[in-house]
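In: here is my input, please return the structure:
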Amino acid sequence: MNLKQLEAFVCVAEGKSFSAAAKKLYLTQPTVSAHISSLEKELGVRLFVRTTKDVELSSEGELLYDNARRMLQLEKNILRDFTQKDSKAANKIIVGASTVPGQYILPQILSLFSRTYPGNQLELREADSMEVVRMVQDGQVEIGFTGTTGSDPTCVFEPFYHDRLVIITPNNDKYRQYEKSGFPIEQFYEERWIVREEGSGTRKEAERYLQDMGVDLNRLEIVATISNQETIKKSVEAAMGISIISGAAVDDYVEQGSLLRFPLGAEEVYRKLYMVWSKNHKPGKAARLFIRFVRELYAYL
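Out: Alright, predicted model coming up:
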């Protein structure tokens, strides 16, 4: 068994196609097939079940898959730590972030870090919270910043920031009447709501708090699901509906008088934002420095 065979196996498993794996690895399809055949012969099992449309992992293939991915990632870690010490790539930090930390928290952190440690290069990839966790699990990014946690025991979720969840409404007479008394829960069922997409940490945490407050989510009238925070703010401003959003994302519109902002409950509601990294994909030296920098920057948590 060798790493080339395992690499071919993982590529076929993920692409469900021998031809796609060959293209990705810059090999011929017969070469990929030979790698898989040799692996199956050595292990004494069938790794794939071929159907009319594609190829699927057999039960034995599923058993091999996770271990094979870990071995390939270990190879990458070794090469990164020992063959790139003097190259720019050694100081490159790949960060994944969901919308709120990516657009409203990280820009300041990245700026401070780059000025403090100018020899490092940063790459930021944005997605929703669940996708960021998946990128961390797959080793596509070294560190993730999300609005919620996951259940994967191989991932470390460390809180670094307290983010306030708020209700935003158009700035008109209907809603200005609540500025002193607060936004009443019973009014929730009379409103049209704009919500974030399913994988959003903001949506997940908002729904959890609403349920804790006794709000029946099935009774809320949802008129739109929108992933972009700026589009949500503009839609609320245009009186399409109201929304629950990160307090960090709405300061500008409130200061301009375009929107009104209310606490989600009787008291302010905060959720934690998290740094996340994988135990299986060890962050590099520069990434570990970045984690320590963020810890020290928000040491009050």
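In: make it CA atoms for all contacts and neighbour counts henceforth
Out: Will do.
In: what's the average pLDDT for the helix or strand encompassing Ala34?
Out: Assigned by DSSP states H and E, Ala34 falls within helix 29-43. Here helix 29-43 scores 90 as its mean pLDDT.
In: just the residues contacting it, thanks.
Out: For helix 29-43, contacts defined as Cα atoms under 8 Å, 6 or more residues apart in numbering pick out Met1, Lys4, Gln5, Leu6, Ala8, Phe9, Phe18, Ser19, Ala21, Ala22, Arg46, Leu47.
In: so which of those is the most crowded?
Out: Within those, neighbour counts (other Cα atoms under 10 Å) peak at Phe9, which reaches 28 neighbours.
In: and stretch 14-22, how far apart are its ends?
Out: Distance across stretch 14-22, first residue to last, is 12 Å (Cα to Cα, to the nearest Å).
In: so which residues make contact with that stretch?
Out: When contacts are defined by Cα under 8 Å, 6+ apart, stretch 14-22 is touched by residues Ala8, Cys11, Val12, Thr28, Gln29, Thr31, Val32, Ser33, Asp54, Val55, Glu56.
In: from the middle of its chain, how far away would it be?
Out: When C-alpha coordinates are averaged (Cα atoms, centre = their mean, to the nearest Å), stretch 14-22 and its chain have centres 26 Å apart.
In: in the helix holding Ala34, which residues are buried?
Out: Gln29, Val32, Ser33, His35, Ile36, Ser37, Leu39, Glu40 (16 or more other Cα atoms under 10 Å).
In: just those residues now: which is nearest Lys92?
Out: The shortest approach to Lys92 among those belongs to Val32, at 31.6 Å (Cα to Cα).
In: wouldn't Ile226 be in contact with Glu197 here?
Out: Yes - assessed by Cα atoms under 8 Å, Ile226 is found in contact with Glu197 at 6.0 Å.
In: tell me which element Met130 falls in.
Out: Assessed by DSSP H and E, Met130 sits inside helix 129-137.
In: roughly how far apart are the closest residue to Gly61 other than its chain neighbours and Arg192?
Out: Among residues not flanking Gly61 along the chain, Leu47 sits closest, at 4.2 Å (Cα to Cα, 6 or more residues apart in numbering). Distance, Leu47 to Arg192, by Cα to Cα: 51 Å.
In: same thing with Gln108?
Out: From Gln108 across to Arg192, the span is 34 Å (Cα to Cα).
In: that's a helix at Asn280, yeah?
Out: No - counting by DSSP: H, G, I helix; E, B strand; the rest coil, Asn280 is not part of a helix but coil.
In: look up the pLDDT of the residue nearest to Glu179 when sequence neighbours are not counted for me, please.
Out: Using Cα to Cα, 6+ apart and skipping the chain neighbours, the partner closest in space to Glu179 is Phe262 (7.5 Å). We note a pLDDT of 95 for Phe262 in this prediction.
In: ramachandran coordinates for Phe262?
Out: Phe262 adopts backbone torsions of phi -130, psi 150, taken as degrees, to the nearest 10.
In: count of neighbours near Arg115?
Out: Arg115 has 10 nearby residues by other Cα under 10 Å.
In: can you tell me the centre-most residue of the chain?
Out: For the chain, the residue nearest the mean C-alpha position is Val132 (2.1 Å; Cα atoms, centre = their mean).
In: just to revisit the earlier point, would you point out the most distant pair within the contacts of stretch 14-22?
Out: In the contacts of stretch 14-22, two members sit farther apart than any others by Cα to Cα. They are Thr28 and Glu56, at 20.3 Å.
In: more crowded one of the two?
Out: More crowded of Thr28 and Glu56, by other Cα under 10 Å: Glu56, with 19 against 14.
In: if I look at that one, how far off is Ser151?
Out: For Glu56 relative to Ser151 (Cα to Cα), the value is 26 Å.
In: now swap in Asp251 and tell me
Out: Relative to Ser151, and taking Cα to Cα, Asp251 is found at 32 Å.
In: more neighbours, those two?
Out: A side-by-side neighbour count of Asp251 and Ser151, using other Cα under 10 Å, places Asp251 first with 13 against 8.
In: before we move on, back to that, would you list the buried residues of helix 29-43 in JSON lines and tack on distance to Tyr104?
Out: Below are these laid out as JSON lines (distance: Cα to Cα, whole Å):
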{"residue": "Gln29", "distance to Tyr104": "46"}
{"residue": "Val32", "distance to Tyr104": "45"}
{"residue": "Ser33", "distance to Tyr104": "48"}
{"residue": "His35", "distance to Tyr104": "47"}
{"residue": "Ile36", "distance to Tyr104": "46"}
{"residue": "Ser37", "distance to Tyr104": "50"}
{"residue": "Leu39", "distance to Tyr104": "48"}
{"residue": "Glu40", "distance to Tyr104": "50"}
